[in-house]
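J.: this is the structure alone, sequence omitted:
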């Protein structure tokens, strides 16, 4: 009898456990824009905006966690905002990038989506008819204040669905001392020069220094595809905005990535190494060159480095996260809700407040007035988690690069499939299971279906 | 008569009471197990948007689309290789170590304590440590081998999907064998020495004693450890997700990591639910075979 009971229990445990781990939710974890580290904050500035009408309104807001002190900045903003807008109650929740897609999707599936969401990517929400158009809640002054390319990057067929919250861009980081010791005077400007520099570093340092950092992992392999394809003259879409994934330039770019691996120039595990251990290795001085975000070098690093343009066509990858507003058909007073949302955005994007947040988190602003302001006055604001003030030179340099950045085509409905597809192509080609042309042809055919 | 009625009532209440005490557990099981199972089945037959919005039933479309993916078949193959290799080798290894630990020798208690460590440490920690050990650029294995003069330049231990998966299997074995060791050891300690003494008097060889005394008496222990390990290893997630996340090109996934990627990375909850149900069916099949064999043996 005991045996029988044991059999039944084991069998039940065996079958039931097969379903573990798939309870619900869904979604993705697109790599967030680059995060900053570090600490405490001072806070939001003076109380913004004006009261948005008499009707009391509560807004549920989800903000992505960009650093360890994101919560502090938003706490201060919330109290300042509510003091200035007594009829608006903000419920701001900070959610980490690891969880945010699951949290949001779970809420959507239970019809409890937030009013305002800060995330990366909006096309899927548009496809499910969940978002309000940005022009419905953005004042004309604010619309005019966004850097035009950022504002337009959030449009689908001419309709803007989200607001750019912040941006960052990628550059080629070179350890000057290692390059000099290997006989390389300047950062490489062409892909041939990259190979030459890698060979020189390998000859000089052997196994002790990795010449080139490469991340084609599922975390951010699409970024690598962007760096190489854009700078070989290719990219995701053609001049008409149609997918052009199997262009000769893209084939050349993927083959170049394979060359880097086959020659032993890059880290040994590019399929699984995300950019974070690579950034650590660069900051520790054991990696000579890598393409990474502008804030990638650790604050305590003693590495002597330069941030240069990407080799080839010198096109940088820009990363831009968004703020978007969900529809709420059940809201009793739609007008008051929209007015409150407008007040929120006017307060957040107010020059001083928004600039303060950019310095605090270490990102680049998406508005014209803050770009101009921070290029001269970043020292008036404090970096989150430290007593260090912002650097105007830093903002002047990188804000100038931003207009030349290319962005992921996130507004296209097939973007997530393309994102995963190019990573798969890179990994398949680099493991030698398929050639670049065939792999990209297959992907193009899949996307075109 | 009155007393009889009272006694009947008392008996009825007494026979009802166990169910009252079981009720919280049953409710918990319904909420934590039955409802999620029903939900997963429902999702597997539904069209689900990337935002998690269920758009209605779509029949077996999710299953057909999953079957069309070459990655699914690679994953299925990997799952069998992973389960058989990890359970099989760790059972063999655990058995041998248990035999050794059952002998009298100096420091036996210390060795027994050390053997439990790989099993007692969290899987995620083990996986991260092994990931760093085998890293070709800064891993301690390469550094150690070079210092010992066994290699001249660093070896890329995970250069191909096959080697990557082999390392993952090794980590699986490393964290699994202590459990088998202690299951077997507890069985060995329960075998009466007089059986071996009698066999020795009859002139039995080591192998004769092994196959006629040890293994038959260890059958219950081996059954429990094997069945539990099959469940545990089949559904194991942290090792593969931490070390490779199924890379390169989905070549090192097992069903559990594959369905996690489908759901939480690719935003394909419908496909993930279908894969989950397929895993459920496979384990249900294995469980049925086990139940049939087990019950038949009991009848014999």
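T.: Structure's in. What do you need? Treat the numbers as computed from the prediction; the structure is a model and nothing was measured.
J.: tally of neighbours for residue B:211?
T.: Here the number of neighbours of residue B:211 (other Cβ atoms under 10 Å in any protein chain shown) works out to 12. The C-beta positions use only the backbone N, C-alpha and C, and glycine is treated the same way.
J.: residue A:394 versus that one, what's the distance?
T.: 75 Å (Cβ to Cβ, to the nearest Å).
J.: check contacts around residue B:48.
T.: By Cβ atoms under 8 Å, 6 or more residues apart in numbering or on different chains, the residues touching residue B:48 are A:26, B:54, B:55, B:268, B:269, B:270, B:273.
J.: okay, the residues you listed in JSON lines with distance to residue A:436 and pLDDT next?
T.: Below are these laid out as JSON lines (distance: Cβ to Cβ, whole Å; pLDDT from 0 to 100):
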{"residue": "A:26", "distance to residue A:436": "31", "pLDDT": "37"}
{"residue": "B:54", "distance to residue A:436": "38", "pLDDT": "88"}
{"residue": "B:55", "distance to residue A:436": "36", "pLDDT": "89"}
{"residue": "B:268", "distance to residue A:436": "26", "pLDDT": "91"}
{"residue": "B:269", "distance to residue A:436": "32", "pLDDT": "91"}
{"residue": "B:270", "distance to residue A:436": "31", "pLDDT": "95"}
{"residue": "B:273", "distance to residue A:436": "34", "pLDDT": "96"}
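J.: now restrict those residues to buried residues only.
T.: A:26, B:268, B:269, B:270, B:273 (16 or more other Cβ atoms under 10 Å in any protein chain shown).
J.: what about the closest residue to the second one other than its chain neighbours, how many neighbours?
T.: Closest residue in space to residue B:268, ignoring its immediate chain neighbours: residue B:262 at 4.7 Å, by Cβ to Cβ, 6 or more residues apart in numbering or on different chains. Residues within reach of residue B:262, counting by other Cβ under 10 Å, total 27.
J.: now for residue 181, how many residues are close by?
T.: Using chain A. 15.
J.: let's do chain B instead
T.: If you count neighbours by other Cβ under 10 Å, residue B:181 ends up with 26.
J.: swap in residue B:282?
T.: Considering only other Cβ under 10 Å, residue B:282 is surrounded by 19 other residues.
J.: and what about it, helix, strand or coil?
T.: With DSSP: H, G, I helix; E, B strand; the rest coil as the basis, residue B:282 sits in helix.
J.: and it, how far from residue B:234?
T.: In terms of Cβ to Cβ, residue B:282 sits 8 Å off from residue B:234.
J.: contact partners for residue 184?
T.: Because you didn't say which chain, this covers chain A. A:196, A:197, A:200, A:201.
J.: ah, I was thinking of chain B
T.: With Cβ under 8 Å, 6+ apart, residue B:184 has these contacts: B:94, B:95, B:98, B:99, B:218, B:221, B:222, B:225.
J.: rerun at 6 Å
T.: B:94, B:95, B:98, B:221 (Cβ atoms under 6 Å, 6 or more residues apart in numbering or on different chains).
J.: ok, the third one to residue B:228 distance?
T.: The reference is to residue B:98. The gap separating residue B:98 from residue B:228 is 16 Å, by Cβ to Cβ.
J.: swap in the first one?
T.: Between residue B:94 and residue B:228 the distance is 12 Å, computed by Cβ to Cβ.
J.: the more surrounded of those two?
T.: Counting neighbours by other Cβ under 10 Å for residue B:94 and for residue B:228 shows that residue B:94 has the greater number, 26 against 17.
J.: what pLDDT does the residue nearest to residue B:160 when sequence neighbours are not counted get?
T.: The spatial neighbour of residue B:160 that comes closest, neighbours along the chain excluded (Cβ to Cβ, 6+ apart), is residue A:431 at 6.9 Å. Predicted confidence (pLDDT) for residue A:431: 92.
J.: what number of residues are in the vicinity of residue A:431?
T.: 19.
J.: pretty sure it sits against residue B:248.
T.: Yes: the criterion here is Cβ atoms under 6 Å, and residue A:431 meets it with residue B:248 at 4.8 Å.
J.: neighbours of residue B:283, how many?
T.: Residues lying near residue B:283 (other Cβ under 10 Å) number 23.
J.: now the strand or helix carrying residue B:38: average pLDDT?
T.: Counting by DSSP states H and E, the element that carries residue B:38 is helix B:35-44. For helix B:35-44, the per-residue pLDDT values average out at 94.
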